[in-house]
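Visitor: For reference, the sequence and a predicted model appear below.
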Amino acid sequence: METTSSTPGAGTPRLTRAEALAYAHAVEAGSITPDALRAVLGRLEPEAPGEPAVERLLALQLLRDSVAEPGQLVPVSPHLVYQGLVASIEQEISRLQREMEATRADLAPLQDIYERGSAQYLRVEAVRVVTDLAEVRRVITELAADCQREVMTSQPGGARDEEVLQESLAKAEALLERGVGMRTLYQHTAQFSPATIMYAEHVVPLGAEIRTLGDGFMRMIVFDQHTAILPLRDDPLGALIVQEPNLVGFAAATFERAWTMALPFPSRYDRDQVVAISTDIKMAVIRMLAQGLEDKVIARRMGISLRTCQRHIAEVMERLGARSRVHLGFLISERNVFGHRPHSEGDSVLTLKPVEGAG
């Protein structure tokens, strides 16, 4: 048998064959001198030296010096040895527990400091406000370079600025060449922007997807559903950098809902789609008008000029025969204008002639 320990209390004693034979002979003899025990063990186990076996039995306290017969060894009950080992182990456990409690008490104040600092760090990293436009662009460039799967972008506000689109083109090409998916959502009026049309003609053949929607979606960029760039309420040049998983997931789900309702950006002029878009724009304008929004607010949300917005309202009033905007609200409710989406030019009271520009 192998020995795992040579000292009491430091482990479970496992006796070798020579040690077991020596102990058995000592029990049979009742008392024996160390030399005699070594001699007997030499006869029983010629290949096993007797000295280490006897010394280990003494170390384990399975043998002890006889009080009545000096120079003699007598065996000790294994049960007593066990109790001694257990007591020693229990004392060691008690000592280690005291050390554990003392260590915990020493570190407790530091844990409080760490948790307060860590919570602040996580808040800063999970949701970060950036007010400098150059820093916002740097962050977007960095996130685009690290993106592996998909970029989801929604850009309300109508036609995009030509300079911004040119700046975005290089990033888009680099992403698409790496096999990263790109889905972009614009407002319908972007379809009438030459710069946006040229941008779409360039990136769509590379694998990008572009759709348009009338209203009801927010500006955002989501990278790999890991980081979202959101607008600040009162600072058009700043951004909110969000990495908190639940908030990013909400932003991505919001994009997906808008995406399912949007129309593909046309690769060529399609009169039926232009008619549908014109109707969608008018529906959105009238819906916001019914909510009590001012014309300039509606125009800004739709990404169209104030004049174009008012022209849409005037055309709908004429089509419905409304004498005033109050009367228009009544007619919209009476005719259930919002009850369905038209499928053909004659399918809705709001289907008018196509709008060739965003104004």
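Guide: Right, received. Where do you want to start? Numbering: from 1, shown residues only.

Visitor: mind checking how far residue 101 is from residue 107?
Guide: Separation of residue 101 from residue 107 (Cβ to Cβ, to the nearest Å) stands at 11 Å. In short, each C-beta sits where N, CA and C put it, glycine included.

Visitor: nope, residue 164 is what I meant
Guide: Distance from residue 164 to residue 107, by Cβ to Cβ: 53 Å.

Visitor: what's the most centrally placed residue in the chain sitting at in phi/psi?
Guide: By Cα atoms, centre = their mean, the chain has its centre lying nearest to residue 245, at 4.2 Å. The phi/psi pair for residue 245 (degrees, to the nearest 10) reads phi -60, psi -40.

Visitor: Which pLDDT does the model give it?
Guide: In this model, residue 245 is scored at 91, pLDDT.

Visitor: Can you name the residues that contact it?
Guide: Applying Cβ atoms under 8 Å, 6 or more residues apart in numbering to residue 245 gives no contacts.

Visitor: swap the cut-off to 10 Å and go again
Guide: 126, 225, 226 (Cβ atoms under 10 Å, 6 or more residues apart in numbering).

Visitor: what do you get for residue 209?
Guide: By Cβ under 10 Å, 6+ apart, the neighbours of residue 209 are 152, 181, 182, 183, 184, 185, 203, 259, 262, 264, 265.

Visitor: Just the buried ones among those residues, please.
Guide: 152, 182, 183, 184, 185, 203, 259, 262, 265 (16 or more other Cβ atoms under 10 Å).

Visitor: So for the helix or strand hosting the second one, mean pLDDT?
Guide: Translated: residue 182. Secondary structure assigned from DSSP states H and E places residue 182 in strand 181-187. Average pLDDT, strand 181-187: 93.

Visitor: Phi, psi for the nearest residue to residue 73 once chain neighbours are set aside please.
Guide: Distances taken as Cβ to Cβ, 6 or more residues apart in numbering place residue 63 nearest to residue 73, at 4.7 Å, with adjacent residues excluded. Phi and psi for residue 63, reported as degrees, to the nearest 10, are phi -130, psi 150.

Visitor: for residue 63, what are its contacts?
Guide: Neighbours of residue 63 in contact, by Cβ under 10 Å, 6+ apart: 22-23, 26-27, 31-32, 34, 37, 54-57, 73-76.

Visitor: can you rerun that using 8 Å?
Guide: Taking Cβ under 8 Å, 6+ apart, one finds 23, 26, 54, 57, 73, 74, 75, 76 in contact with residue 63.

Visitor: Reformat the residues you listed as TSV; add neighbour count, pLDDT and secondary structure.
Guide: Formatted as TSV, the contacts of residue 63 follow (neighbours: other Cβ atoms under 10 Å; pLDDT from 0 to 100; DSSP: H, G, I helix; E, B strand; the rest coil):
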residue	neighbour count	pLDDT	secondary structure
23	22	85	helix
26	24	83	helix
54	23	82	helix
57	25	84	helix
73	23	88	strand
74	17	87	strand
75	20	86	strand
76	18	87	coil
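
Visitor: Can you show me the helices along the stretch 151-300 of the chain?
Guide: For the stretch 151-300 of the chain, helices defined by DSSP state H, counting those that start in this stretch occupy the ranges 162-177, 194-203, 245-261, 271-290, 295-302.

Visitor: Whichever helix or strand comes after the shortest one packs against which elements?
Guide: The helix or strand immediately downstream of helix 295-302 is helix 306-320, counting by DSSP H and E. Helices and strands touching helix 306-320, as assessed by 3 or more Cβ pairs under 8 Å, 6 or more residues apart in numbering; DSSP states H and E, comprise helix 271-290, helix 295-302, helix 325-334.

Visitor: Return helix 306-320 as PDB; C-alpha atoms alone will do.
Guide: The C-alpha trace of helix 306-320 is given here as PDB (Å, rounded to 0.1, in the frame of the first residue of the first chain):
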ATOM      1  CA  LEU A 306     -42.700  73.100 -45.200                       C
ATOM      2  CA  ARG A 307     -44.100  74.000 -48.700                       C
ATOM      3  CA  THR A 308     -44.200  70.300 -49.800                       C
ATOM      4  CA  CYS A 309     -45.900  69.400 -46.500                       C
ATOM      5  CA  GLN A 310     -48.600  72.000 -46.900                       C
ATOM      6  CA  ARG A 311     -49.100  70.900 -50.500                       C
ATOM      7  CA  HIS A 312     -49.700  67.400 -49.400                       C
ATOM      8  CA  ILE A 313     -52.300  68.600 -46.900                       C
ATOM      9  CA  ALA A 314     -54.000  70.800 -49.500                       C
ATOM     10  CA  GLU A 315     -54.200  68.000 -52.000                       C
ATOM     11  CA  VAL A 316     -55.800  65.700 -49.400                       C
ATOM     12  CA  MET A 317     -58.300  68.300 -48.300                       C
ATOM     13  CA  GLU A 318     -59.200  68.900 -51.900                       C
ATOM     14  CA  ARG A 319     -59.600  65.100 -52.600                       C
ATOM     15  CA  LEU A 320     -61.800  64.600 -49.500                       C
END
